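>>> Predicted coordinates and the sequence they were generated for:
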Amino acid sequence: MQSNLNPNPQNNLDSTANSPQKIAILGSGAWGSALAGLARYNGHQVQVWSRSNHSSLEEIIADADLVLSAVSMPGVCPIATQIKETKLKDNIPIVTATKGLDTETTYTPSKIWSNCCSDHPIVVLSGPNLSKEIEQGLPATTVVACQDMNAAKIVQQLLSSKRFRVYTSPDPLGTELGGTLKNVIAIAAGVCDGLHLGTNAKSGLLTRALTEIIKIGTHLGGQAETFFGLSGLGDMLATCNSPLSRNYRVGYGLAQGKNLQQVLSELGSTAEGVNTTNVLIEIARREQMTVPISWQVYQLLNNKITPQEAVEALMERDLKPEFLEGII
Ligand SMILES: NC(=O)c1ccc[n+]([C@@H]2O[C@H](COP(=O)([O-])OP(=O)(O)OC[C@H]3O[C@@H](n4cnc5c(N)ncnc54)[C@H](O)[C@@H]3O)[C@@H](O)[C@H]2O)c1
Ligand SMILES: O=P(O)(O)OC[C@H](O)CO
């Protein structure tokens with residue numbers, strides 16, 4: 001499954017490091033548009049597809065050297081299924097940049113893409129990447145992860161620039177789960193700040209949340225060290241500390257006494273953490289895992305408790321050692 005692109009060109013980070021390629025970006029929302037900007041900055045020929053534009057998906061991907069999907073979770077399964085029936089160039093990498101879980105199957109986006117396009121390497125792109133900062137040209141880092149390291153290196157070379165430093169990883173599942181699960185925690189962090197609980201509380205919340213993410217993420221097959229990297233801790237710090245994060249704003253709004261519908265309609269954009277929380281609790285029930293912070297977020301989103309009651313519930317849990325054997 002070798003791609004024709006060279007994974008090891010000279011390590012030159014100006015925008016001519018790689019010969020221009022044709023890149024098809026699926027999704028013209030905040031993230032698709034920011035990624036299109038990064039690809040154009042590197043001189044690539046970029047075509048963006050969205051369900052509302054006039055070109056067909058087939059036309060846009062037909063001669064692409066790379067397909068990069070940045071649609072929100074509800075779009076992944078229908079689009080991957082459509083692409084399954086479409087002719088792509090042989091062996092080109094498909095990059096998935098969605099951070100969510102499928103409601104029907106509980107699958108991650110990369111699993112859906114792998115099931116539909118098994119002849120292509122599936123590369124996960126995830127990291128601390130608030131799109132508004134990237135649109136402003138501020139420096140950012142990310143991870144591209146694939147079991148086929150050749151494919152990860154190709155994507156690294158295509159997208160790296162002076163403003164976007166791309167690392168490779170051999171752990172696509174861990175990379176993807178870090179970016180997905182932190183959205184649940186970002187809602188909790190927004191609640192914490194919205195209630196003005198202070199820096200001690202926020203530090204405690206994020207540290208315990210990392211343990212919770214590692215517990216679930218490794219149980220589902222991710223590698224522990226991945227969750228300490230950019231796509232895990234790195235993305236959690238970005239998302240849990242920035243009002244640019246939509247998930248953080250959901251929690252902040254709930255803490256101000258707004259209801260979920262009101263918060264989401266004011267947001268007018270995707271907050272994957274809401275759906276991810278519901279799917280995560282389904283997974284936790286199935287796997288018989290305790291996920292205390294995510295459980296409180298679930299109760300809050302489903303209108304079972306108030307933000308204050310969620311805090312009390314977490315503070316009054318049974319006392320125990322910080323680290324239980326076998327978790328980290
Ligand atoms: N915005 C960011 O800062 C950012 C950064 C990294 C990752 N992400 C992730 O990228 C994904 C997209 O986020 P966004 O910020 O671009 O959201 P957005 O709401 O701005 O855009 C969502 C895009 O998905 C498309 N879409 C949704 N459902 C679809 C369907 N059924 N069929 C076809 N297309 C569909 C929409 O048309 C739109 O183009 C999310 O999973 C998000 O977590 C976002
Ligand atoms: O706006 P959010 O909360 O979807 O966060 C965006 C990115 O995931 C940050 O890396």
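Looks like it came in fine. Ligands and ions are numbered 1, 2, ... in the order given.
>>> Could you pull up the contacting residues of Thr141?
With contact taken as CB atoms under 8 Å, 6 or more residues apart in numbering, Thr141 is in contact with Gly127, Pro128, Phe164, Arg165, Val166, Tyr167, Leu230, Gly234. (Each C-beta comes from the backbone N, C-alpha and C, glycine too.)
>>> Max pairwise distance over those: which two?
Comparing all pairs in the contacts of Thr141 by CB to CB, the longest separation belongs to Phe164 and Gly234, at 14.1 Å.
>>> of these two, who's got more company?
Each of Phe164 and Gly234 has its neighbours counted (other CB atoms under 10 Å); Phe164 has more, 24 against 21.
>>> pretty sure the more buried one is touching Gly137, no?
No. Between Phe164 and Gly137 no contact is recorded; they are 9.8 Å apart, counting by CB atoms under 8 Å.
>>> Show me what the one helix or strand Ala24 maps to packs onto, helices and strands only.
Here Ala24 is covered by strand 22-26, with elements defined by DSSP states H and E. Using 3 or more CB pairs under 8 Å, 6 or more residues apart in numbering; DSSP states H and E as the contact criterion, the elements in contact with strand 22-26 are helix 30-41, strand 45-49, helix 57-62, strand 66-69.
>>> 6 Å - rerun?
Helices and strands in packing contact with strand 22-26 are listed as helix 30-41, strand 45-49, strand 66-69; criterion 3 or more CB pairs under 6 Å, 6 or more residues apart in numbering; DSSP states H and E.
>>> That strand vs helix 30-41, what angle?
Inter-element angle recorded for strand 22-26 and helix 30-41: 170 degrees (by axes from the mean of the first three to the mean of the last three CA atoms, to 10 degrees).
>>> Tell me how many other residues crowd Gly32.
Other residues lying near Gly32 total 22 when counted by other CB under 10 Å.
>>> OK, contacts around it?
Listed by CB atoms under 6 Å, 6 or more residues apart in numbering, the contact set of Gly32 reads Ile25, Ala70.
>>> how does it look with 8 Å?
Listed by CB under 8 Å, 6+ apart, the contact partners of Gly32 are Ile25, Leu26, Val48, Ser50, Ala70, Val71.
>>> Closest one of the residues you listed to ligand 2?
The shortest separation between ligand 2 and any of the contacts of Gly32 is 11.0 Å, and it belongs to Ala70 (by CB to the nearest ligand atom).
>>> thinking the closest one is in contact with Gly100, fair?
No. With the criterion set as CB under 8 Å, Ala70 and Gly100 do not qualify as a contacting pair; they are 11.6 Å apart.
>>> who wins for proximity to ligand 1 among the helices and strands packed on strand 22-26?
Shortest distance between ligand 1 and these, using CB to the nearest ligand atom, is found for helix 30-41: 3.5 Å.
>>> Burial check on the closest residue to ligand 2 within the stretch 51-200 of the chain, number of neighbours?
For the stretch 51-200 of the chain, the residue closest to ligand 2 is Asn129, as judged by CB to the nearest ligand atom, at 4.3 Å. Around Asn129 there are 26 other residues, counting by other CB under 10 Å.
>>> residues from the stretch 101-250 of the chain in reach of ligand 1?
Applying CB under 6 Å from any ligand atom, we find that the stretch 101-250 of the chain lies next to ligand 1 at Asn129, Leu130, Ser131.
>>> who are the neighbours in contact with the residue lying closest to the second one once chain neighbours are set aside?
The one in question is Leu130. If you skip the residues right next to it in sequence, Leu130 has Leu244 as its closest partner in space, 4.6 Å away by CB to CB, 6 or more residues apart in numbering. Neighbour list for Leu244: Leu130, Lys132, Glu133 [criterion: CB under 8 Å, 6+ apart].
>>> Show the contacting residues for the last one.
By that I understand Glu133. Going by CB under 8 Å, 6+ apart, the list of residues near Glu133 reads Ala140, Leu244.
>>> Can you give me the pLDDT of it?
At Glu133 the predicted local distance difference test score is 98.
>>> Need the three-state assignment for it.
Using DSSP: H, G, I helix; E, B strand; the rest coil, the structure places Glu133 in helix.
>>> which bits of this protein sit near ligand 2?
Taking CB under 6 Å from any ligand atom as the criterion, the neighbours of ligand 2 within the chain are 99, 128-130, 183, 186, 235, 238-239, 245-247, 272.
>>> Which of the contacts of Leu244 sits closest to ligand 1?
Leu130 (4.9 Å).
>>> and the residue nearest to Asp148 when sequence neighbours are not counted, how far is that from Ile154?
Nearest non-adjacent residue to Asp148, counting by CB to CB, 6+ apart: Pro121, 4.2 Å away. Applying CB to CB, to the nearest Å, one obtains 9 Å for the distance of Pro121 from Ile154.
>>> Give me the more crowded residue out of those two.
The residue with more neighbours, out of Pro121 and Ile154, is Ile154; 30 against 24, by other CB under 10 Å.
>>> quick one: the more buried one from Tyr252, how far?
If you measure Ile154 against Tyr252 using CB to CB, the figure is 39 Å.
>>> In this protein, where is pLDDT below threshold?
1-18, 326-328 (pLDDT under 70).
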